[in-house]
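A.B. asks: Fold the following, please.
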Amino acid sequence: MTDTTKQTTKLRPVFRNIHVTEIVSYRLPPAGIVSILHRISGLLMFLLLPFVIWMLDTSLSTEISFDVFKNAFVAGLGPIPGVLVKLVALALIWGYLHHFIAGVRHLWMDATHSVSKEQGHSSAVLTLALSVLLTLALGAKLFGLY
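C.D. replies: Numbering: from 1, shown residues only. Alright, predicted model coming up:
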């Protein structure tokens, strides 16, 4: 091995897979967090699709069914308390908002072809902040704070 080969080998970064025990201490960048949450929010919306269809059907069928719909958020649905119904609706609100904002982020990156580490970081932080702030605002309305 020549001296230049040894120097080149030393300068190249070494990438390795993390072990299962290191998952808890691994620091994922914001873009990675947004990517994982984008998938989780899509799965959440898919799994809650029957609840969404029930809400749409119940709210639009008749005036009596609309009263049942409104009462579900106050008194609950059978053994399920109203607070739990509101929390499921809040999870659905977050899922939709995060999935929408992260989707717009991905479309923007695809359309502009300008992806750098700094832009990815800042757009990921903006995505997380917007989805949380909008969820808090709509959650406050859902729980009757304003």
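A.B. asks: now for the top helix by length along the chain, which elements pack on it?
C.D. replies: Criterion DSSP state H: the longest helix present in the chain is helix 82-112. Helices and strands touching helix 82-112, by 3 or more C-beta pairs under 8 Å, 6 or more residues apart in numbering; DSSP states H and E, are helix 30-47, helix 49-60, helix 117-142. Quick note: C-beta positions are derived from backbone N, CA and C, even for glycine.
A.B. asks: between it and helix 30-47, how big is the angle?
C.D. replies: 130 degrees (axes from the mean of the first three to the mean of the last three C-alpha atoms, to 10 degrees).
A.B. asks: For helix 82-112, the averaged confidence score.
C.D. replies: The average pLDDT within helix 82-112 is 95.
A.B. asks: Can you mark which positions in it are buried?
C.D. replies: Within helix 82-112, the residues that count as buried by 16 or more other C-beta atoms under 10 Å are 85-86, 89-99, 101-102, 105.
A.B. asks: next one: stretch 124-137
C.D. replies: A124, T127, L128, L130, S131, L134, T135.
A.B. asks: Any idea how far that stretch is from the middle of the chain?
C.D. replies: 9 Å (C-alpha atoms, centre = their mean, to the nearest Å).
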